[in-house]
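[1] Could you look at this predicted model? Sequence included:
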Amino acid sequence: MPDSTKPVPICHAQKTGFGNGDMIYTRSDSKVKDLPKLKSMVAMCNTELRLDLFPEDEADVTAYLNKQFYKFKP
């Protein structure tokens, strides 16, 4: 279960093991081209990596990644 007292970046880094993960979000051949795709990728990662995130946690991670890296319009 995620620790809701931790900021999203810290929780994300600990859950995924990617550290800050910049390199996987800034690749030139990214499959994420819009906000719906970002949401689906976060959900897929949650399932595949068995992160046990709640839907609101997935939304927080999506919002964080969008703000930090993708900058898609809501």
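    Noted; the coordinates are in hand.
[2] Downstream of the helix or strand harbouring residue 37, the next helix or strand is which one?
    For residue 37, the host element (DSSP states H and E) is helix 35-48. Toward the C-terminus, helix 35-48 is succeeded by helix 55-65 as the next helix or strand (DSSP H and E).
[3] Give me the below-cutoff pLDDT ranges for the chain.
    For the chain, applying pLDDT under 70 flags the ranges 1-21.
[4] Next, find the distance separating the residue nearest the centre of it from residue 71.
    Central residue of the chain (C-alpha atoms, centre = their mean): residue 61, 4.2 Å from the mean position. Residue 61 is 16 Å from residue 71, where distance means C-beta to C-beta, to the nearest Å. (Glycine included, C-beta is placed from N, CA and C.)
[5] cool, residue 27 as well?
    16 Å.
[6] ditto for residue 25
    For residue 25 relative to residue 71 (C-beta to C-beta), the value is 11 Å.
[7] again, but for residue 30
    Distance, residue 30 to residue 71, using C-beta to C-beta: 13 Å.
[8] Many thanks, I have nothing further to ask.
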